[in-house]
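Chemist: Predicted model follows, preceded by the sequence.
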Amino acid sequence: MKKSNGNGSTDAGTEDASHLIDERIAQLGDWRGKTLARVRKLIHQADPDVVEEVKWRGVPVWSHDGIICTGESYKQHVKLTFAKGASLDDPAGLFNSSLDGNARRAIDLHEGDEIDEAALKALIRAAVALNTTKKARKKTTSPPSK
């Protein structure tokens, strides 16, 4: 079931979100749709437990104990924005956009760009590990309930 939460986001169940992402890929119908579909497949390979969501008026979002990344499509590129990218090691140098922020980092993929699949999967796994570690720390540092 989809519901607007008042801030432009759409909260959809996983099946609904997956269907909406399928529709978005089909609507693009060009290299951007193919790129988004390829990235989506790599995300699922890297983290089989990933949850698909659609937020902010149709932006695909992949989460696991928090947002891993979003997949936005623009005229000239597909942008993968990692919510906590500034906290991730990027030994392959995939991040090429939004490099000045304190939290996010992004990868802009242009038509014809090759995707370093192994490096992208490693980055996704690192983002999941960061999310799950932070969630575990919150649980252990929370005061006991009375």
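Modeler: Thanks, I have it.
Chemist: and the gap between the residue positioned nearest the centre of the chain and Gly29?
Modeler: Nearest to the mean C-alpha position of the chain, by Cα atoms, centre = their mean, lies Cys69 at 2.0 Å. In this view, Cys69 and Gly29 are 23 Å apart by Cβ to Cβ, to the nearest Å. C-betas here are computed from N, CA, C, even on glycine.
Chemist: Please apply the same query to Asn96.
Modeler: Using Cβ to Cβ, Asn96 is found at 25 Å from Gly29.
Chemist: now swap in Gly93 and tell me
Modeler: If you go by Cβ to Cβ, the gap between Gly93 and Gly29 works out to 31 Å.
Chemist: And Lys134, by the same measure?
Modeler: 38 Å.
Chemist: how far out from the middle of the chain is stretch 68-88?
Modeler: Centroid separation for stretch 68-88 versus its chain: 7 Å, with Cα atoms, centre = their mean, to the nearest Å.
Chemist: Output it as PDB - backbone C-alpha positions only.
Modeler: In PDB, the C-alpha atoms belonging to stretch 68-88 read as follows (Å, rounded to 0.1, in the frame of the first residue of the first chain):
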ATOM      1  CA  ILE A  68      22.200   2.500   1.600                       C
ATOM      2  CA  CYS A  69      21.700   4.600  -1.600                       C
ATOM      3  CA  THR A  70      19.300   6.200  -3.900                       C
ATOM      4  CA  GLY A  71      19.100   5.900  -7.700                       C
ATOM      5  CA  GLU A  72      18.100   9.100  -9.400                       C
ATOM      6  CA  SER A  73      17.900   9.600 -13.100                       C
ATOM      7  CA  TYR A  74      18.700  12.800 -14.900                       C
ATOM      8  CA  LYS A  75      19.000  13.700 -18.600                       C
ATOM      9  CA  GLN A  76      22.800  13.200 -18.700                       C
ATOM     10  CA  HIS A  77      23.400  10.700 -15.900                       C
ATOM     11  CA  VAL A  78      22.200   8.300 -13.300                       C
ATOM     12  CA  LYS A  79      23.200   9.300  -9.800                       C
ATOM     13  CA  LEU A  80      23.700   6.800  -7.000                       C
ATOM     14  CA  THR A  81      23.800   8.800  -3.800                       C
ATOM     15  CA  PHE A  82      25.100   6.900  -0.700                       C
ATOM     16  CA  ALA A  83      23.500   8.400   2.400                       C
ATOM     17  CA  LYS A  84      26.600   7.900   4.600                       C
ATOM     18  CA  GLY A  85      29.100   7.900   1.800                       C
ATOM     19  CA  ALA A  86      31.500  10.200   3.500                       C
ATOM     20  CA  SER A  87      32.000   7.600   6.200                       C
ATOM     21  CA  LEU A  88      32.800   4.800   3.700                       C
END
